[in-house]
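> Provide a 3D model corresponding to the input given below.
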Amino acid sequence: MASAGTVLYRIVWSGFPADLWYYEPAKNLGTDLVGAFGEAEVAQAAAEAKEEADLLELEAADAAARSQGMGV
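The predicted model follows:
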């Protein structure tokens, strides 16, 4: 059992059932694997932030067009 505050990563083996998933602390996984996971998380967060910004921009353009009586 990990001590309080320890970050654990869920290990999922492709093609295996969920009851075989388990958790490991970063120290057992190696820096390359943890680093790759961190990079993927950052890339996903950036993509989600861009999608949200694009949606807000579209909503603002729609609101502006509606306020000018142009409708969209």
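> Count the neighbours of residue 11 for me.
Residue crowding around residue 11 was assessed by other CB atoms under 10 Å; the count is 14. (Each C-beta comes from the backbone N, C-alpha and C, glycine too.)
> That one and residue 24, how far apart?
For residue 11, the distance to residue 24 equals 6 Å [CB to CB, to the nearest Å].
> mind checking pLDDT for residue 72?
Reported pLDDT at residue 72 in the predicted model: 51.
> can you offset everything so residue one is 8?
Renumbered: residue one is now 8, and that last one reads residue 79.
> And stretch 57-73, how far out from the chain middle?
Offset of stretch 57-73 from its chain centre (CA atoms, centre = their mean, to the nearest Å): 22 Å.
> Likewise for stretch 34-52?
With CA atoms, centre = their mean as the basis, stretch 34-52 stands 12 Å off its chain's centre.
> Quick check: buried residues in it?
residue 41 (16 or more other CB atoms under 10 Å).
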